[in-house]
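Enquirer: Below is the structure, and that's it, no one-letter string:
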């Protein structure tokens, strides 16, 4: 996988807005899905890369700031730690998708808080890489859905749409998820505001825009609880004057509950810093384990490459040796053929020589016969004839 072809896209939004369902449809993952508005994503999780238009796409699932099992402090610590840690390792986001239920009949406090935190995490400079994706269209009549869509465009999301973000519909199919992702896969990866603040500017999580926004919300909650406690104390004083023991005990319990909530809210600042640090340490440990596995896999691959290289050299050596044997065999066959040819030629020459000798002997014998014939007329030729007869019998 080459870095230039690998992209990362984060999916954000309120709990129950369909983030995990969208991710599973797009990537083929099997992340657990909550029921209704109940959250099931309690950790930041990333899919395995999958191919889309020649790109290797990784989707990042994030919990919402209205999570049913974790506080907003925990959520910000987790998201901040993940985004800063991955950014330190060179990973940027090519896009951010914010999921919104078109079935919501109004923009309540939860939706507004989620979107406000989303804006503080992203900042202004990355809005061109942001998509607002509305889903759950099957749960509303088409005319009502279109009316809400126009209201979102003209009111709630108007500001970020003017600054470069886009709004699309999700039709709850795999094809629809891929169509939406294609708007982002060719984007230039960008640095989110919280990544810039935590990594480039070395800010504390409390000092970031998202941290400041969360602290403001928590302080407002604390102030409301303090005002509530003050009113409860006045009511309890009245109950004491009226000797209303039952009401006094009820008010005492309410004051105790709200006082505990105030103490908890007062400690959220320190807890955010501690949770952020712990989340980064957990991520670093996970990354170290992954890097160790990659190192081990790399060593295994190197060993396999070395083994394959050794086997290749052995095969080449055997091939060379086989070629040398074949060459020696061919030379032996050629030498043998030459020797046979030479032997044949020598045999022919010898036969020719013997034939010539035979001819010479025959001629000499013929001459001697002629001479013997002449002498036979003169004297006893019995001895010559015996010699001639013996030579003829020997030759034949």
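Expert: Good, I have the coordinates. Predicted model only: the values in this text are computed from it and were never measured. Numbering: from 1, shown residues only.

Enquirer: what's the average pLDDT for the helix or strand hosting residue 194?
Expert: Using DSSP states H and E, residue 194 maps to helix 193-195. Averaging pLDDT along helix 193-195 yields 96.

Enquirer: mind listing the strands for the stretch 151-300 of the chain?
Expert: Under the criterion DSSP state E, counting those that start in this stretch, strands of the stretch 151-300 of the chain are mapped to 166-169.

Enquirer: remind me which residues of it are low pLDDT?
Expert: Within the stretch 151-300 of the chain, the stretches with pLDDT under 70 are 290-300.

Enquirer: before we move on, back to that, which helices and strands sit right next to the helix holding residue 194?
Expert: Packing partners of helix 193-195 (3 or more C-beta pairs under 8 Å, 6 or more residues apart in numbering; DSSP states H and E): helix 72-88, helix 109-122, helix 209-241. Bear in mind the C-beta positions are built from the backbone N, C-alpha and C, glycine included.

Enquirer: Deepest-packed of those, please.
Expert: Comparing the helices and strands packed on helix 193-195 on average neighbours per residue, with mean count of other C-beta atoms under 10 Å, the densest one is helix 72-88 at a mean of 22.

Enquirer: got the angle for that helix vs helix 209-241?
Expert: 170 degrees (axes from the mean of the first three to the mean of the last three C-alpha atoms, to 10 degrees).

Enquirer: Now do helix 72-88: which elements does it pack against?
Expert: Partner elements for helix 72-88 (3+ C-beta pairs under 8 Å, 6+ apart): helix 109-122, helix 193-195, helix 209-241, helix 268-376.

Enquirer: Could you check the angle that helix makes with helix 268-376?
Expert: Using the same axes, to 10 degrees: helix 72-88 against helix 268-376 is 30 degrees.

Enquirer: Give the next helix or strand downstream of helix 72-88.
Expert: Heading C-terminal from helix 72-88 (DSSP H and E), you reach strand 95-101.

Enquirer: what about residue 15, which SS state?
Expert: Secondary structure state of residue 15, per DSSP: H, G, I helix; E, B strand; the rest coil, is coil.

Enquirer: and it, how many neighbours does it have?
Expert: 24 (other C-beta atoms under 10 Å).

Enquirer: can you list the helices and strands packed on helix 72-88 in JSON lines and add distance to residue 256?
Expert: Listed next are these as JSON lines, based on distance: least, C-beta to C-beta, whole Å:
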{"stretch": "helix 109-122", "distance to residue 256": "26"}
{"stretch": "helix 193-195", "distance to residue 256": "37"}
{"stretch": "helix 209-241", "distance to residue 256": "10"}
{"stretch": "helix 268-376", "distance to residue 256": "19"}
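
Enquirer: so which of the helices and strands packed on helix 193-195 gets nearest residue 276?
Expert: Among the helices and strands packed on helix 193-195, helix 72-88 comes nearest to residue 276, with 4.3 Å by C-beta to C-beta.

Enquirer: Just the pLDDT at residue 389, thanks.
Expert: Model confidence at residue 389 (pLDDT) stands at 67.

Enquirer: just residue 45 next, same as before
Expert: With respect to pLDDT, residue 45 has a value of 91.

Enquirer: Equivalent analysis for the one 10 residues further on, please.
Expert: What the model reports as pLDDT for residue 55 is 93.

Enquirer: Quick check: it touching residue 8?
Expert: No - counting by C-beta atoms under 8 Å, residue 8 is not a contact partner of residue 55; they are 10.6 Å apart.

Enquirer: about what we covered before: out of the helices and strands packed on helix 72-88, which one sits most buried?
Expert: Of the helices and strands packed on helix 72-88, helix 193-195 is the most buried (mean count of other C-beta under 10 Å), at a mean of 23.

Enquirer: where's residue 223 relative to residue 191, distance?
Expert: To residue 191, residue 223 is 35 Å away according to C-beta to C-beta, to the nearest Å.

Enquirer: What is the neighbour count of residue 134?
Expert: 23.

Enquirer: Next, the angle from the helix or strand containing it to strand 95-101.
Expert: Per DSSP H and E, residue 134 falls inside strand 130-135. Strand 130-135 runs at 30 degrees relative to strand 95-101, counting by the same axes, to 10 degrees.

Enquirer: list the contacts for residue 130?
Expert: 95, 96, 97, 98, 122, 160, 164, 165, 166 (C-beta atoms under 8 Å, 6 or more residues apart in numbering).

Enquirer: Pull out the buried residues from the residues you listed.
Expert: Buried residues within these, counting neighbours by 16 or more other C-beta atoms under 10 Å: 95, 96, 97, 98, 122, 160, 165, 166.

Enquirer: which residues does the last one form a beta bridge with?
Expert: It refers to residue 166. residue 131 (DSSP bridges).

Enquirer: That one and residue 184 touch, don't they?
Expert: No - applying C-beta under 8 Å as the test, residue 166 and residue 184 come out as separate, 9.7 Å apart.

Enquirer: so what sits against both of these two?
Expert: residue 131.

Enquirer: quick one on the thing from earlier: which one of the buried ones among the contacts of residue 130 sits closest to residue 270?
Expert: residue 122 (26.4 Å).

Enquirer: How about that closest one: what's its closest non-neighbour residue?
Expert: Spatial nearest neighbour of residue 122, chain neighbours left out: residue 192 (5.5 Å); criterion: C-beta to C-beta, 6 or more residues apart in numbering.

Enquirer: what about the one you found, how many neighbours?
Expert: Counted with other C-beta under 10 Å, residue 192 comes out at 22.

Enquirer: re the thing from before, which stretch among the helices and strands packed on helix 72-88 comes nearest residue 85?
Expert: Per C-beta to C-beta, nearest to residue 85 of the helices and strands packed on helix 72-88: helix 268-376, 4.5 Å.

Enquirer: just checking, what packs against that closest one?
Expert: helix 72-88, helix 209-241, helix 382-395.
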